[in-house]
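[1] Need a 3D model of the sequence below.
(chains A and B)
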Amino acid sequence: MNWLAFSITTYIFLLMQVGMTTLFGIPDAEGALPDFLLIFAVFVGMQAPARMVGWSMLTVGLCANLLPGPVPDGPILGPEALGYLGGAFAVLQLRTLLFRESVFSLAIMVFFVGIFIQLITVALYTGRGLPLFLGQPVPNWSASNELFTRFLMLLYSAFAAVPIGFVLLKLAPLMNFAPAQRAERVF
Amino acid sequence: MNRPPINAKRVMIAATVLLLLASQLPAWLAVKLSYLPHAFIEFIATPATFLHGFSTSIRSTDKRYTKFSEELSLEEQLSLALQKLDEAKVYNDYLEQDIARLRNVSDNLALISALVDTEDISFVGAKVIGFNGNRKNPILTINIGSNDFVRDGLAVVWGADLVGKVVSTSVSTADVQLITAADTKLQVRITRPVIDPTVVPVPAYIQLSDDGRTFYTDEFPLDSPVQVGDLALLADESWQFRARGFIVGTVTEVGPHPDRPLLNQRVVIRPNRPLASVYGVIVLVPVE
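    Have a look, this model is predicted:
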């Protein structure tokens, strides 16, 4: 796997996530938004060698973690990153069931893997409100509202995954996803 | 076969555990962990501002206001304007509540600061090591005693709240009777939570209710200025001088007196925290 190409593409998707919300929000920038980083993470999860999937999705998760989250003081490291790591596990379980070179497979995976990721993320943010841990509750946090909003985002992301997946599949050779082959012995 | 002590799987497990811990840290600490220099963020986010400019040039964020001036009828514009006005009023109410809360915090800090500045008393912190569980005569045991100059009759506080009074002392421990002990009667001054020079504190004599959790007083006439949210500050001369001014509780109910509804009000005062469950206290020890 070409980590340089992966890093540059992650950065581009991070920029799209930050800068293009106004353009793609439904009905406006405060409504449902597609999650470009999720689409890219699932794409990498479907294509990359199994031992790279966890690390690559964790990296994308850390990038997602640095975006402004529900805690007003600043980003809290952990919930999104761990969500994506859980998503990596889900991708590895599901990707054998689907044809990896299809954009529709990507759309389906974005939706189902996204459910895993969002459930873990919401659970970790909600866990901050429990008295047995050190974290303070997130202000104005409602797990059910969050799950509803994130479900709409997943639906939108699944639709957005079709055109984006088409572009990503064209770029896939640059990322060199094929596992490194050992030199074959002729004799 | 020996596996190397550090391999990808172990690093991944360690990263997961660390992230799990980081996700449950208090916000102030977690934010420090994820701190990135502002200049770095600005540098990496510069292309995003171009993308954002590109997005807004295609789809303006002020769509609603464009409609407001061009597409809506007068009635719709009026309705929208009234809706905006309501939203602004609600927001203004939130801001006023925030200001009142911050003033309250500031006043409490000023009170604590004034107390700390006094030279005739030292504030000795203690850990609560026991509670007798008796509702009629609740006693906390603390981990300091006569070795730390604690003696009977000293006031015990936590923050700006009055907790109780030392009733017996050994060399290394002391028993503190809570103010919610049965038959407690206290002289207090009831005042606004925010310092207001125009409001004069009202003296009152309060006693513990039968429920053992609240105090009440029946001596106020119907037109008294006491209202819900006011603070009851200790003014009892039988207590240590420096304990006066600490908060006994907050007024939670002001209603007609059950027997004399046309003459008097019953004012109910509740301590700001469950005193039996405090884990640490401060003893006001006079400097000899």
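
[2] Tell me which stretches of the stretch 51-200 of chain B form helices.
    Along the stretch 51-200 of chain B, counting by DSSP state H, counting those that start in this stretch, helices occupy B:63-70, B:74-116.

[3] What of chain A?
    In chain A, helices defined by DSSP state H lie at A:3-19, A:21-24, A:36-47, A:50-65, A:79-94, A:103-127, A:143-175, listed in chain order.

[4] The ones you listed: which one's closest to residue B:148?
    Comparing these against residue B:148 with Cβ to Cβ, the closest turns out to be helix A:103-127 (40.0 Å). For the C-beta atoms, the positions are set from N, CA and C on the backbone; glycine is no exception.

[5] could you give the mean pLDDT of the closest one?
    Computed over helix A:103-127, the mean pLDDT rounds to 92.

[6] And it, what does it pack against?
    helix A:36-47, helix A:79-94, helix A:143-175, helix B:8-23 (3 or more Cβ pairs under 8 Å, 6 or more residues apart in numbering or on different chains; DSSP states H and E).

[7] switch the cut-off to 10 Å
    Helices and strands touching helix A:103-127, as assessed by 3 or more Cβ pairs under 10 Å, 6 or more residues apart in numbering or on different chains; DSSP states H and E, comprise helix A:36-47, helix A:50-65, helix A:79-94, helix A:143-175, helix B:8-23.

[8] So which of those is the most surrounded?
    Among the helices and strands packed on helix A:103-127, helix A:36-47 has the highest mean neighbour count (mean count of other Cβ atoms under 10 Å in any protein chain shown), at a mean of 27.

[9] For that helix, name the packing helices and strands.
    Packing contacts for helix A:36-47, counted by 3+ Cβ pairs under 10 Å, 6+ apart, involve helix A:3-19, helix A:50-65, helix A:79-94, helix A:103-127, helix A:143-175.

[10] Of all those helices, which one is nearest residue B:285?
    helix A:103-127 (41.5 Å).

[11] okay, the angle between the closest one and helix B:8-23?
    Going by axes from the mean of the first three to the mean of the last three Cα atoms, to 10 degrees, helix A:103-127 is angled at 50 degrees with respect to helix B:8-23.

[12] what comes up buried for helix A:103-127?
    Residues of helix A:103-127 classed as buried: A:103, A:105-118, A:120-122, A:124-127 (neighbour count, 16 or more other Cβ atoms under 10 Å in any protein chain shown).

[13] shaky segments in chain A?
    Counting by pLDDT under 70, chain A contains low-confidence ranges at A:29, A:131-135, A:179-187.

[14] just the stretch 1-150 of chain B next, same as before
    In the stretch 1-150 of chain B (pLDDT under 70), the answer is B:1-4, B:38, B:60-71, B:112, B:114-118.

[15] hmm, back to that, could I get the helices of the stretch 51-200 of chain B in TSV, plus columns for mean neighbour count and distance to chain A?
    Converted to TSV, those look like this (neighbours: other Cβ atoms under 10 Å in any protein chain shown; distance: least, Cβ to the nearest Cβ, whole Å):
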stretch	mean neighbour count	distance to chain A
helix B:63-70	11	7
helix B:74-116	11	12
